[in-house]
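>>> Need a 3D model of the sequence below.
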Amino acid sequence: MASDQIRQMVNFILQEAHEKANEIRVKTEHDFNLEKQTLVHEAKLSIQDEFSKKEKDREVQERIARSTEIGECRVKKMKVRDDLLKTLISEAGAKCAMVARGQNYPHLLQKLIVQSLIKIEENAVTVYCRAEDIDTVKSVIPSAVEEYVEIMERESGVKLEPNVTLNEDSNRCIADSSYGGVKLTAARGRIVCDNTMSSRLELVYEELLPSIRAIIFPEDA
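So this is what the prediction gives:
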């Protein structure tokens, strides 16, 4: 009887032990699987974050590269346009030089001197020109002064007696790059009227630049 009770107690204890062991195993497996799932999920998130960061970095680099390329294209385009405009004004200058070699050049010089005298409004004036134009300018100054006096007398009723002299010092002549024309000064050089061909060309160029751009580069108009 006592042995049966002992056997029953032993069996009960073994049963409890088996159940406890099974419970521990199940819980351990559950905890392991849960931990594994957590680690896998965290690893996925980490990989996704890393991929997202690399994708953003790639997009940023692509935008930078695209922006740089666009900037370089714009610079090249602007340089081509500037070179074209420089060529245009250079060709225009060459045509001005041809005018200075034409038969009407003396008459043009006379008109430029008259215009400058009207603009400068001084009695004592010095005329400067290119060294090669000295003889021509000297020959037209009397007619220019006479025309100027007539215009001022007609417009104001006052007969002026201007003292117009020509600079004949070759070291102080205006440069050949001026394409011709004259420059008048007064008040010891403090008052200047630049009526050279290059100066007039520059004024016309600046005035017509918007129209020139619209004609040459219509896509920007």
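>>> What is the longest helix of the protein by residue count?
helix 2-99 (DSSP state H).
>>> what packs against it?
helix 197-216 (3 or more C-beta pairs under 8 Å, 6 or more residues apart in numbering; DSSP states H and E). Every residue, glycine included, has its C-beta placed from N, CA and C.
>>> Okay, buried residues for the helix it packs on please.
197-201 (16 or more other C-beta atoms under 10 Å).
>>> Tell me the pLDDT of Arg7.
We have a pLDDT of 68 for Arg7.
>>> and the least confident helix or strand in the chain by mean pLDDT, how far from the chain's centre?
Least confident helix or strand, the chain: helix 2-99 with a mean of 76, by mean pLDDT, DSSP states H and E. Here helix 2-99 shows a centroid-to-chain-centroid distance of 40 Å under the convention C-alpha atoms, centre = their mean, to the nearest Å.
>>> Stretch 123-138 now?
40 Å.
>>> one step back: name the next helix or strand following the longest helix of the chain along the chain.
The element immediately downstream of helix 2-99 (helix or strand, assigned by DSSP states H and E) is helix 105-120.
>>> in that next one, what's buried?
For helix 105-120, using 16+ other C-beta under 10 Å, the buried residues are 105, 108-110, 112-117, 120.
>>> give the contact list for Asn163.
123-125 (C-beta atoms under 8 Å, 6 or more residues apart in numbering).
>>> pLDDT wise, what is it at?
The model's pLDDT for Asn163 equals 94.
>>> One more: the one 3 residues further on?
The predicted local confidence for Leu166 comes out at a pLDDT of 94.
>>> got the phi/psi numbers for it?
For Leu166, the backbone dihedrals (degrees, to the nearest 10) come out as phi -110, psi 130.
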